[in-house]
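Undergrad: the sequence and its predicted three-dimensional model are supplied below.
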Amino acid sequence: MKDPTNQSTPSTEVVLQGSVFAVEQLTVTLRGGGQTTRHIVRHPGAVCVLALLPDERLVMIRNFRIATGQWMNEFCAGKLEPGEDPRAAALRELAEECGYHAGLIESLGTFYTSPGFTDELMHAFVARDLRSCSADLQPDERIEVVVRTVDEFKRLAKSGEVCDGKTLATFLRWQLARA
């Protein structure tokens, strides 16, 4: 990786290897001399799924997030497994977390979740033609499925009750695709 401002290649060292991501320490040469250290979270990528019922209500989840210590209103999402196709991951996460199979799933594009410190690339999808199936939560997941109208979603987003970035960005991508 070259920095276009100074053409140097930073030295890299993995300082943490977790089950979901790695943290790299980069030593970067600054313009005009000197060095600085940056920590970058290397992530395998993830998916976020806006699931639509036939009446255009949104299938969402209330997800207890240990990092924030609170329940979050979100679209279902999850990380990519090694070599996993994002479309397959989206279908898997929808079934596991929400208890739905999708007859149709379409890409809404991709976005970086927080490029100031991570390379996590989120793949956004809209899922339609839903059929109920059994959910299959991970042992550490605390998730409740909720259904919301688009107007309810907008009210919750405006009030701050939907404050999850991937959910807000996926909803925006869906709204733009419909325009």
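TA: Yep, that arrived.

Undergrad: for the rest of this, base every contact and every neighbour count on C-alpha atoms.
TA: Will do.

Undergrad: remind me which residues of the chain are low pLDDT?
TA: Per-residue confidence for the chain (pLDDT under 70) gives these ranges: 1-8.

Undergrad: quick one, helices of it?
TA: 86-93, 150-159, 165-178 (DSSP state H).

Undergrad: so of those helices, which one's packed in deepest?
TA: Comparing those by mean neighbour count (mean count of other Cα atoms under 10 Å), helix 86-93 comes out on top with a mean of 21.

Undergrad: with just CA atoms, put that one into CSV.
TA: In CSV, the C-alpha atoms belonging to helix 86-93 read as follows (Å, rounded to 0.1, in the frame of the first residue of the first chain):
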residue,chain,number,x,y,z
PRO,A,86,-21.7,-11.7,-0.3
ARG,A,87,-25.1,-12.7,-1.8
ALA,A,88,-24.9,-16.2,-0.2
ALA,A,89,-23.9,-14.5,3.1
ALA,A,90,-26.9,-12.1,2.9
LEU,A,91,-29.3,-15.1,2.4
ARG,A,92,-27.6,-17.0,5.3
GLU,A,93,-27.9,-14.0,7.7
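
Undergrad: now that helix, how far from the centre of its chain.
TA: Between the centre of helix 86-93 and the centre of its chain there are 12 Å (Cα atoms, centre = their mean, to the nearest Å).
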